[in-house]
Structure formats: structure tokens, C-alpha cells
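In: here is a sequence with its predicted model. Questions after.
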Amino acid sequence: MNFFKPRRVVLKNGLEILIRLLRYMDKKELLKFYSELSVKSRLYLFQDYRSLEAWRTMRIKNSALYTDGLLIDFKRSYSLLAVTVGEKKFKIIGDGRFFIDKNNKKAEISLVVHENYRNIGVGRILLETILECLKTLKVEEVYCYISKDNESMLKLIEKYGFNREDLEEVYLFWRRV
């Protein structure tokens, strides 16, 4: 993803973060990030997950994260991390992923924000950055699956013009053209 340059952002609480691409060296911190998620957050993210590409990229089993997402096809799948800045050791506080179909027409997105960093703009920044990337890549349609119980994500995604399609009890399908 040659066109993406890391960007620093100051959040509404004054915290400075860096949005950058996932690197192989992030594996240990990424595992820590997902292991710190609550059971409720894990259910929102991984129960009945629909995208085969996304499912292969990361999956939760017995509360442990198995990821081959660090070896993903970087022509079709991307992960943007939100990391803390100014500390001796960075901390991953958000992970925004998108998976582009083989025709480069549609992309599925996924956002995860650490519970301690929610409601301060991390999800919004990740979503805006993903949408900018997809626009640059000339993707025509963006969608995601969201648990009907995940109220904060539902509110965020609605603010960005996604339309709701009720597919089943667990997830909603959103589309942006």
C-alpha cells in the first residue's frame, strides 16, 4: 500500500496516536491487544463472523488469538493500527482492517478498539482512514457485519452514511456506494 503514509492524530482527550500499517514485528503486541478484549467484545467480533477472508485472517478459539493476519495478501487485505505515541513502548489501541474482493469493487471492513480507549475518537479516525484508502483504491462498495448489540459501532457507522440491511438476528449488513 504505497500511497498510505503513517499519520499522527491528537484525540479529543489530548492523547496523541499514530495510525500506521500492521508490520510483522507487531505480532506480540497484536496478540496482547486481542487477549485484553473482554468476552463481550470478542463475541461482538468473532461469533458467527461471515467473511471467509476476515475469518482466515484472524480467529478466536478458546480465548486465544490465532492469526495468520501478519502474513496476509497485502494486495487484498490490510490492517491499520492505532498505536500510542510518546511512550517508551508503543501500545496498540485499535485495529482497522479491510479486505478487498478479487475484482477490486467491494471491500469488507472491521474495526476493533481497546475498551480503555473507546469513545475518544479512535474508531472514528480508523474508519475515516480506511474510507480514504478505499476511495484511493477506487473501491465502489464497502460493507461490514455488526452485532445488533454493538450500539457504539452502529452509531459510528450510521454517521458515515452506511445503509442498514437486516440479514439475521446476530449481524446487520451495511453498505456504502
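Out: Everything's here; your move. Values in this document were obtained by computation on a predicted structure and should not be read as measured data.

In: in the protein, what helix or strand scores lowest on average pLDDT?
Out: Lowest mean confidence among the helices and strands of the chain (mean pLDDT, DSSP states H and E): strand 64-67, at a mean of 39.

In: show me where this structure has helices.
Out: Ranges of helices in the chain, per DSSP state H, are 27-35, 39-46, 52-57, 122-136, 151-159.

In: kindly reformat these as a markdown table containing distance to K88, mean pLDDT and mean neighbour count.
Out: All C-beta atoms are positioned from the backbone trio N, CA, C, and that covers glycine. What follows is these, written out as a markdown table (distance: least, C-beta to C-beta, whole Å; pLDDT from 0 to 100; neighbours: other C-beta atoms under 10 Å):
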| stretch | distance to K88 | mean pLDDT | mean neighbour count |
| --- | --- | --- | --- |
| helix 27-35 | 13 | 85 | 16 |
| helix 39-46 | 27 | 72 | 16 |
| helix 52-57 | 30 | 43 | 16 |
| helix 122-136 | 21 | 94 | 19 |
| helix 151-159 | 31 | 88 | 15 |
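
In: next, format those as a markdown table and append distance to Y145.
Out: Formatted as a markdown table, the helices of the chain follow (distance: least, C-beta to C-beta, whole Å):
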| stretch | distance to Y145 |
| --- | --- |
| helix 27-35 | 18 |
| helix 39-46 | 10 |
| helix 52-57 | 9 |
| helix 122-136 | 15 |
| helix 151-159 | 10 |
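
In: wait, which of those helices is closest to K5?
Out: helix 122-136 (10.8 Å; C-beta to C-beta).

In: low-confidence stretches in the protein?
Out: By pLDDT under 70, the weakly predicted segments of the chain are 1-3, 43, 46-75, 87, 167-177.

In: so which residues of it form strands?
Out: 7-10, 16-21, 58-61, 64-67, 77-84, 92-100, 106-113, 141-147, 163-166, 171-176 (DSSP state E).

In: so which of those strands gets nearest E29?
Out: strand 92-100 (5.0 Å).

In: tilt between that closest one and helix 39-46?
Out: Put simply, strand 92-100 runs at 20 degrees to helix 39-46, going by axes from the mean of the first three to the mean of the last three C-alpha atoms, to 10 degrees.

In: so what strands line up beside strand 92-100?
Out: strand 77-84 (antiparallel), strand 106-113 (antiparallel) (DSSP bridges).

In: angle of the first one against helix 122-136?
Out: Meaning strand 77-84. Counting by the same axes, to 10 degrees, strand 77-84 lies at 140 degrees to helix 122-136.

In: list the buried residues in strand 77-84.
Out: For strand 77-84, the neighbour count (16 or more other C-beta atoms under 10 Å) marks 77-83 as buried.
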